[in-house]
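**Student:** let me see the structure of the following:
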Amino acid sequence: MNLKGLSLFQQVVVTGSLSEASRDMNLSVSAASRLLAQLEADLSISLFSRHRRALTLTEEGTLFYQQISNTLNGIAEIPGIARDLHARARNWLSVVTAAPLANGLVVPTIARLRDRAPDMHCTLHVETRFEIESKVAARGYNIGVISLPLQNEIIPIDIMPVLRTRLCVLMPDEHPLARKDTVTVAQLSQQPLVSLGAGQRWRSRLDEIMGAAGLRPTLAFETGSTLGAAEMVRHGLGLTLVDAVTLPAHTLTGLALRPLDGEHWITYASLHAKGPCAALCEMFLDAMSDHVEERRATEERTAELVYLI
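**Tutor:** Below you'll find the model as predicted:
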């Protein structure tokens, strides 16, 4: 069915004149008349009664118009919707990350990006690792930020390593281990620990490190939040594993970060669907790099714990 014929039909009803409707649609009257006749043939109903040069809606035509007027209005809005979507594609960014990275790394990056792109609209989502990987690959989000390695290494997705950060132990400033430059795995095993729950990546790291040393962690408390773990450490409930970018700087007041002895590093990467990276995604990554560099320059010891790739 010809959409142009439907649009002409609507215009004739609204204006009450075939000649005026023809003019509005840049058609000759004869071409418009043929288009209406073809529409009636396609529908197998008579839409208008023709008296000399006047057109009057038939009963069928009236019922037809009542039934499809909303649809016709929607069709008329399609070009505007397309223009809006084009503008939105240029200025809209959807970011997804894991909960531990949201506060310390991704939110400050978005704030910095907003200063550079004030017309930007951004949504931030927190998902599980599996959902991040699968939904970014399916173009459900523009960009993801996650630690490597991927959970699903065969998923078709573009990976860009962004930074490496050293695994650290978080403790109160007055803790005896805060006087040391590094904390050994053996020393850590002797301390009560606050950990994320089983199955979460930070818990897996703890178990892997302890297992490799033939030791078992002394788990005092479990929580589902890295910010919650930091607060528990502040209140003397135990120590926890973190890195220098997971926690916002303002949450570290009264706390000490000490590197875990040995080569224990985490690589964080951006993910996006296969193909070219959108301009706003590139700006996001630039803002993230600048955020990390600023923390390296202004926070004591952070320069030794975080490196851009």
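**Student:** so what does the helix or strand where Gly228 lies touch, helix or strand wise?
**Tutor:** Here Gly228 sits within helix 226-234, counting by DSSP states H and E. The criterion is 3 or more Cβ pairs under 8 Å, 6 or more residues apart in numbering; DSSP states H and E, and the helices and strands that helix 226-234 contacts are strand 168-172, strand 192-196, strand 218-223, strand 240-242, strand 255-259. All C-beta spots, glycine's among them, are computed from the backbone N, C-alpha and C.
**Student:** what strands line up against the first one, and which way round?
**Tutor:** When pairs are called by DSSP bridges, strand 168-172 turns out to pair with strand 240-242 (antiparallel), strand 255-259 (antiparallel).
**Student:** which one, of the ones you listed, ends up nearest to His121?
**Tutor:** Smallest distance to His121 across those (Cβ to Cβ): 31.5 Å, for strand 240-242.
**Student:** how far does the closest one sit from the chain's center?
**Tutor:** Centroid separation for strand 240-242 versus its chain: 26 Å, with Cα atoms, centre = their mean, to the nearest Å.
**Student:** ok, stretch 48-60 next?
**Tutor:** Worked out by Cα atoms, centre = their mean, stretch 48-60 lies 55 Å from the chain centre.
**Student:** let's see the distance spanning it from one end to the other.
**Tutor:** End-to-end distance of stretch 48-60 (Cα to Cα, to the nearest Å): 9 Å.
**Student:** what are the buried residues along it?
**Tutor:** Neighbour-count burial for stretch 48-60, with 16 or more other Cβ atoms under 10 Å as criterion, is recorded at Phe48, Leu55, Leu57.
**Student:** list the contacts of that stretch.
**Tutor:** Val12, Val13, Ser17, Leu18, Leu36, Glu40, Ile45, Ser46, Leu47, Gly61, Tyr65 (Cβ atoms under 8 Å, 6 or more residues apart in numbering).
**Student:** per-residue confidence at the nearest residue to the first one once chain neighbours are set aside?
**Tutor:** Just to be clear, that refers to Val12. Once flanking residues are discounted, Val12 sits nearest to Ala21: 4.4 Å by Cβ to Cβ, 6 or more residues apart in numbering. Confidence at Ala21, expressed as pLDDT, is 86.
**Student:** could you pull out the strands for the stretch 1-150 of the chain?
**Tutor:** 48-51, 54-57, 92-97, 121-126, 143-147 (DSSP state E, counting those that start in this stretch).
**Student:** of all these, which lies closest to Trp265?
**Tutor:** Among these, if distance is taken as Cβ to Cβ, the winner is strand 143-147, at 10.5 Å.
**Student:** what's the most buried one of the helices and strands packed on helix 226-234?
**Tutor:** Compared across these, strand 240-242 shows the largest average neighbour count, a mean of 25 (mean count of other Cβ atoms under 10 Å).
**Student:** tell me, please, where in the stretch 51-200 of the chain the pLDDT is lower than the cut-off.
**Tutor:** 52-53, 79-89 (pLDDT under 70).
**Student:** report how many residues lie close to Val13.
**Tutor:** Each residue near Val13 was counted by other Cβ atoms under 10 Å, and the total is 19.
**Student:** picking that back up, which residues does the helix holding Gly228 contact?
**Tutor:** Counting by Cβ under 8 Å, 6+ apart, 99-100, 103, 170-172, 194-196, 202, 221, 223, 238-240, 242, 246-247, 251-252, 254-255 sit against helix 226-234.
**Student:** domain boundaries for the chain, per the record?
**Tutor:** Taking automatic domain parsing as the domain assignment, the ranges for the chain are 3-86, 90-165+266-308, 168-263.
**Student:** what's across from the nearest residue to Lys180 once chain neighbours are set aside in the sheet?
**Tutor:** Of all residues not flanking Lys180 in the chain, Arg258 sits nearest, at 6.3 Å (Cβ to Cβ, 6+ apart). Note on Arg258: beta-bridge partners by DSSP bridges are Val169.
**Student:** where's Arg258 relative to Thr251, distance?
**Tutor:** Distance, Arg258 to Thr251, using Cβ to Cβ, to the nearest Å: 16 Å.
**Student:** where along this structure do the helices fall?
**Tutor:** 3-15, 18-24, 29-43, 59-91, 99-101, 107-116, 129-137, 185-189, 201-212, 226-234, 279-298, 302-305 (DSSP state H).
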